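Engineer: any chance you could fold what I've pasted below:
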Amino acid sequence: MRKVGEKIAESTNLDTVTSAKECLDVIELSYKHLPDYLKPCLLYFASFQEDEKISFTNLAWLWTIEGFIPNTVVAESLLNDLIGRSLIMVSKKRSIGGVRTCHIHDVLHDFCVTKAKEEKFMQLASNGKTDFSSSFYENRRLCIDRSLYWAERIGNLQVRQFIPEIKRSDPSEVLRNQRLYGINAIMDIEPFKPRVSLTNKQADYMIKMANRLRKLKCQCKEPLKLRLDALQLETLSVNDVLLPQSVMSNIGRLPNLVVLKLEHRAFQQEKWDIEDEEFLTLKVLKLRSLKITTWNASDESLPNLEQLLVENCFHLQEIPSVVGEILTLKMIEVKRCGESLENSVRQIQEEQEGYGNEVLKVLIYPLDSST
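Structural biologist: Next up is the predicted model:
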């Protein structure tokens, strides 16, 4: 089987395929030799757009909720299997290893769309291009392309997974659509992780309806005035939200927060104080293009931090020295910041080396660096 897989991988290099028929034959052969548990994972790529960069995290959740895999832990090995067979390509890797985003070749995407329809695995719908014959309702899944137009045409659709493009719609209108039976239940499960730009009114409504939201990216048109501490967030990205110190303290008490990204006008003040027992579960902290000048942290904050990334924070004078004492810290990366901040990081590095710390990796890219 391995030899067959290697032969297929070589053949799917489109430069060596002399005809469209030969190309499809090779892909068909590749699909035929896939283990049964991998076939639905591959066909599910039909639900994405051609050339779309697909988040591995989102893909893992979708595979799980569809029942293809028992949990997200096994998703990476299955995706790597598809990559090893040259059926899926890596778009971007994570800094700590693994796949961040992936994509599928347009020819393979066309194959998945056709095969999904043939096997009644999935029906793809786009405005004005779908035949609502009896065969339409025989499909196990319906992929709606960007529009809620279909919600008014397909009657009592029972939705297992619904991720609208909220940037193009009013979230309250999406959630009030009574045709989407079960949408409230969907809002209460972990895989619903929209990336949205929100006003306070929209965000308030979303958070009330999605109190088990795991991942949230906010870019507000006005200062953020939300009770985010009521959520069970694991990943939070905030951009242009003008957070007061009180809200930052509430965020610091989120019990499951692992990744926090603060960008541009994330703060109202020029000073950030992290108090005792804040950000107890945080592992990754990214600060980018912030206006703050001072950052203080207590000895009992950030006890599980593994990565600190600081980029384009020209006004920030230094990294708190206590950060270097965090036992779990593996990396500090500084890009295009001021000399004072760079010196504070070098001092942390020297102190840790003096203590025999060989784990901490420090990367500094000066202002004149093109990296």
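
Engineer: and Cys337, that one's in a strand?
Structural biologist: No: with DSSP: H, G, I helix; E, B strand; the rest coil as the criterion, Cys337 is located in coil rather than a strand.

Engineer: what's the local residue count around the residue nearest to it when sequence neighbours are not counted?
Structural biologist: Residue nearest to Cys337 in three dimensions, not counting chain neighbours: Cys313, with 5.2 Å by Cβ to Cβ, 6 or more residues apart in numbering. Quick note: C-beta positions are derived from backbone N, CA and C, even for glycine. When neighbours are counted by other Cβ atoms under 10 Å, Cys313 registers 23.

Engineer: Leu254 too?
Structural biologist: Applying other Cβ under 10 Å, we find 22 residues neighbouring Leu254.

Engineer: ok, now Lys53?
Structural biologist: When neighbours are defined as other Cβ under 10 Å, Lys53 has 12 of them.

Engineer: likewise the one 5 residues further on?
Structural biologist: One way to gauge burial is a neighbour count; for Asn58, by other Cβ under 10 Å, it gives 17.

Engineer: distance of it relative to Val359?
Structural biologist: Going from Asn58 to Val359 by Cβ to Cβ, to the nearest Å gives 31 Å.

Engineer: thinking again about what came up before, the residue nearest to Cys337 contacts Thr293, correct?
Structural biologist: No: between Cys313 and Thr293 there is no contact, the gap being 9.4 Å when judged by Cβ atoms under 8 Å.

Engineer: wait, Asp81 sits on Tyr37?
Structural biologist: No: counting by Cβ under 8 Å, Asp81 sits too far from Tyr37 to count as a contact (9.7 Å).

Engineer: tell me which of these two has more neighbours.
Structural biologist: Asp81 (18 against 12).

Engineer: dump the residue contacts of that one.
Structural biologist: Taking Cβ atoms under 8 Å, 6 or more residues apart in numbering, we find Asp81 in contact with Leu38.

Engineer: what residues sit buried inside whichever helix or strand it is part of?
Structural biologist: In this structure, Asp81 sits in helix 75-84 according to DSSP states H and E. By 16 or more other Cβ atoms under 10 Å, the buried positions in helix 75-84 come out as 75, 78-79, 81-82.

Engineer: out of those, flag the one nearest to Arg253.
Structural biologist: Minimum distance to Arg253 across the buried residues of helix 75-84 is 30.1 Å, recorded for Ala75 (Cβ to Cβ).

Engineer: that closest one contacts Leu62, correct?
Structural biologist: No: using Cβ under 8 Å, Ala75 is not in contact with Leu62; the gap is 9.4 Å.

Engineer: any idea of the pLDDT on Asp276?
Structural biologist: We note a pLDDT of 89 for Asp276 in this prediction.

Engineer: you'd agree it is up against Glu300?
Structural biologist: Yes: with contact defined as Cβ under 8 Å, Asp276 reaches Glu300; the gap is 4.4 Å.

Engineer: of the two, who's got more company?
Structural biologist: Higher neighbour count among Asp276 and Glu300: Glu300, with 13 against 10, using other Cβ under 10 Å.

Engineer: could you list every residue that touches the more buried one?
Structural biologist: Counting by Cβ under 8 Å, 6+ apart, the residues that Glu300 touches are 276-277.

Engineer: quickly find the element holding it.
Structural biologist: Applying DSSP H and E, one finds Glu300 in no helix or strand.
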